Structures are given as C-alpha cells and as structure tokens.
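*Asks:* sequence below, structure please.
(chains A and B)
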Amino acid sequence: MATETHAADAAAHGGEAVGMPQLDFSTFPNQIFWLVVTLVVIYYVLSRIALPRIGAVLAERQGTITNDIVAAEELKLRAQEAERAYQKALADARAEAQRIVAETKAEIKADLADATARADAEIAVRTAEAEKQIAEIRAGAMASVTEVAKATAVEVVAALGFKADAGAVNAAVDDKLKG
Amino acid sequence: MATEEAPSGLQIHPMDQFIVKPLFGGDAIHWYTPTNVTLWMGLAVVCVVALLVLGTRGRAIVPSRVQSIAELAYGFVYKMVEDVAGKDGLKYFPYIMTLFIFIVFANFLGLIPGSFTTTSHIAVTATMALAVFFAVTILGIVKHGVGFLSLFWISAAPLVLRPILAIIEIISYFVRPVSHSIRLAGNMMAGHAVIKVFAGFAGVLGVGAVFPLAAITAVYALETLVSFIQAYVFAILTCVYLRDALHPHH
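*Replies:* Modelled structure (predicted):
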C-alpha cells in the first residue's frame, strides 16, 4: 500500500509528499465536506435508531431487574410467613402434647391412689379376719389346754393315790392358768 | 524528512500515508471528489452501523456479545456526559456520542496496516473542534445572554486580580479549539509516522530488523491505547466545554 500510495502520489503530485499532507490546504474542502456528510449520517443513525433502541433495552432490563427484585422480596415475605406458621403449629403441638402428658400422669396417679386405698382396705379387712381366726384358734387351744390340764391333774392326783376332788382340782388349775 | 538523513538506499516516506488522493484516478481534488477520506469515513459509518444498529437488532434482555459492547459504549458516554456536563447536558448526549463513536472508529480503522487515518488530519479535527466551540459558545449566549461572560469574571478571586484573570480566561477560551483539534490530530499523526519510520528501518536492516519490528509492536500497542484515549479525551473535553456553557458561574 505504501509503495502504491507513493506511486499514486507521484502521479498526482509529481513526487512524494512535500512537508505535511495535513497542511495541504487544497484538500481541506474535500475532507471537510466528507466529514460533515459522515457526521450527519452517524448522527441520524444514532439519534433515530441506535440510541433510542439501546436506551429502551437498558430501561427494559432495569425494569425487569426491579420487578424481579420486588417479586423476590414478596416471595421472601411469604416464606417468612410460612415459617412463622410452621413454628406456631409446632409450638401448639408441643403444648398439646405436654398437656396430654400431664393429664395422663394425673389420671394414672389418681388411679394408683385409688387402687392403693382399695388394696389397703382389703388388706385391713383380711388382717382383721385373720386376727379373729387366730384369736379363735388361740381361745380354742387355751380351752383344750385347760381341759387337758384339768384331766391330767385329776389323773396325776389319782395316780399319786389320792382321791381327787374334781371341783378343787379344776379350781386349782384355773387359778394356776390365770397366775 | 527521513530521506534527507540517508539519501542512498534508505527510502522512508512516513508522511505519504497521510496523502489525500482521489479514489478513482485523476488528480484534481474538488470538494465533492470521492477520495480515500470518503472511503475510510464510509467504513467508519459501516462500523458504527454494524455495532450500534445490527449489533442491537436482537433487543435482548440478556445481551449478545456485540450488543454488550454497544451497551457499554452507550453507558460509557452517557455516564460521562451526565457526570461532567450534568443532568441538563444529557440533551446533547447524541451529539457527543456521534463525535466519540466516529473518532473511536476512525482511530481504530487507522490502525489497520495500509489504511488511511482520517482523524490524523487537522482539517477533520479542527472542523469538529470548531463545531464544538461555536456550538457551546452560541448555546452559552442563548442560555445566559450577557451572564455567559461571567465565565471570564472569576468572582472568587480578589477584585484587583479579576481583570488580569479575565484576560487569561478569554485567551484560554479562544485557544480551546486549537488545543482540542491539534491534540487528536497530532497524536494520530505522530504515532503512525513513528511506526512508518521503524518500518523503513526494518526494510534495510536484514536480520537486525527484529529490533525495529519489536519497536513497531510496542508502538502499535501504545497506539491502540492512544486511539481510545484520544477519542475519550476529545469527548470529555467537549463535555467540559458544554458544562461551561450550561453553568458559566464558577
């Protein structure tokens, strides 16, 4: 390109660039004209098509992001509410369970006390009965012992060769037994 | 010229790349003649349309790669106008976007080997700088009338200093289009000329050409950076001038 430029330039200007081509004022109208055309075209493309479009896309994106954030906020609130409800249900269930446990415990205690009282009463009744029987047996035994003692005493007295007075012997035995 | 250093053998024409010449032969350059200026400005328009119109065709909420770049360019300039010129400067955003996107593409197209860099010409940059200068000056006078002159009357300074500062401010105001245009054209021209000089050395050094080639690579990387930065500088200075026109009171 450089040599081409040079060759073309040699044809156009009869040699290489003399000094700075930037200061070749004969090309200024040309450059300024095409610059103005270019800038006007770019300005129209930008202001009519590109900039409104990009601005709209950016605004739309901003709107979408804002909406999404709002929606997320809402969902978060809902989740928090659900959690609160769950916690409340859990606490309620726990309280209910505790109440049932306490009630059951009280019931069992009452039943137990009742049963204990009944058993105690029965034991008392049985004990009284047994004591009575024992007393009866003891009384019976005592009577038998007295009788045997009296008979034995009479026999012993008789064996000793004395004439036993049954009445005196009995009285003596009773006396001994009491003593 | 480099040719004067070594008349024999070493033929370097670093400025030839900037010559404006007709596209279809002939040697007369009228104001309407299609030239290489026309071609490379036309290609810049094609690139602008490809990026900002075709690239955003999908209008996607989740953008494609090209659409992302278009949105980045839009957001970059939009934010710059908003930050520097203020909210009321956003009305002029399409104009600044036009200048910025044209300069960016003209600069980058100029980096293609063998291409023609339209923004290396003072005619081009001075036209844009003068357009900005007159636009903001007229805007300032229309918006503020005589109040626009308070831009030169620094009320924060002591009274005795104010006339002196006013002269300095007025001079610097009128120098603006000069620095505004020469900064861009000078940067573009110098970088491309340096690359061309190194390329000329590479042509005659044989094996030693690796050194100029390495230098070309380095300068090319620098020029890539400069291409963007100069477009940015041109646009941000335009925003600064616009701010002065909208809010002349310091």
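*Asks:* could you identify the longest helix within the chain?
*Replies:* With no chain named, the answer covers chain A. Once chain A is assigned using DSSP state H, the helix that runs over the most residues is helix A:51-159.
*Asks:* the chain in question should be chain B.
*Replies:* Taking DSSP H as the criterion, chain B has its longest helix at helix B:162-204.
*Asks:* so what does that helix touch, helix or strand wise?
*Replies:* If contacts are counted by 3 or more Cβ pairs under 8 Å, 6 or more residues apart in numbering or on different chains; DSSP states H and E, helix B:162-204 sits against helix B:93-110, helix B:122-144, helix B:210-246. For glycine as for every other residue, the C-beta is placed from the backbone atoms N, C-alpha and C.
*Asks:* of the ones you listed, which approaches A:Gln62 most closely?
*Replies:* helix B:93-110 (17.3 Å; Cβ to Cβ).
*Asks:* residue of chain B closest to chain A, please.
*Replies:* Proximity of chain B to chain A (Cβ to the nearest Cβ) peaks at B:Gly114, 3.2 Å away.
*Asks:* pretty sure that residue is in a helix, no?
*Replies:* No: counting by DSSP: H, G, I helix; E, B strand; the rest coil, B:Gly114 falls outside a helix, being coil.
*Asks:* for it, the count of nearby residues, please.
*Replies:* Neighbour count of B:Gly114, defined by other Cβ atoms under 10 Å in any protein chain shown: 9.
*Asks:* now the one 10 residues further on
*Replies:* In terms of burial, B:Val124 registers 29 neighbours under the definition other Cβ under 10 Å.
*Asks:* pretty sure it is touching A:Leu35, no?
*Replies:* Yes: using Cβ atoms under 8 Å, B:Val124 is in contact with A:Leu35, at 5.1 Å.
*Asks:* name the residues contacting each of these two.
*Replies:* B:Val37, B:Thr118 (Cβ atoms under 8 Å, 6 or more residues apart in numbering or on different chains).
*Asks:* need the pLDDT of residue 65.
*Replies:* Went with chain A since none was named. If you check A:Ile65, the pLDDT there is 93.
*Asks:* wait, I meant chain B there
*Replies:* 92.
*Asks:* against B:Arg59, how distant is it?
*Replies:* According to Cβ to Cβ, to the nearest Å, B:Arg65 and B:Arg59 sit 15 Å apart.
*Asks:* the two: who's more crowded?
*Replies:* Set B:Arg65 next to B:Arg59 and count neighbours by other Cβ under 10 Å: B:Arg59 wins out with 12 against 8.
*Asks:* now do the contacts for the nearest residue to that one once chain neighbours are set aside.
*Replies:* Leaving aside its chain neighbours, B:Arg59 sits nearest to A:Val57 (5.3 Å; criterion: Cβ to Cβ, 6 or more residues apart in numbering or on different chains). By Cβ under 8 Å, 6+ apart, the contact set of A:Val57 is B:Thr56, B:Arg59, B:Ala60, B:Ile61, B:Pro63, B:Gln67, B:Glu71.
*Asks:* touching, the fifth one and B:Leu72? I think so.
*Replies:* So that's B:Pro63. No: look at B:Pro63 against B:Leu72 with Cβ under 8 Å: they stay out of range, at 9.6 Å.
*Asks:* of these two, who's got more company?
*Replies:* B:Pro63 (20 against 11).
*Asks:* give me the nearest residue to the more buried one, chain neighbours excluded.
*Replies:* Using Cβ to Cβ, 6+ apart, the closest residue to B:Pro63 is B:Glu71 (6.0 Å).
*Asks:* what strand or helix carries that neighbour?
*Replies:* Using DSSP states H and E, B:Glu71 sits within helix B:65-85.
*Asks:* between that helix and helix B:93-110, how many degrees?
*Replies:* On the basis of axes from the mean of the first three to the mean of the last three Cα atoms, to 10 degrees, helix B:65-85 is oriented at 120 degrees to helix B:93-110.
*Asks:* what does helix B:65-85 rub up against?
*Replies:* A:50-51, A:54-55, A:57-58, B:51-52, B:54-56, B:58, B:60, B:63, B:89-90, B:92-93, B:96-97, B:100-101, B:104, B:232, B:235-236, B:239-240, B:242-243, B:246.
*Asks:* understood, closing this out.
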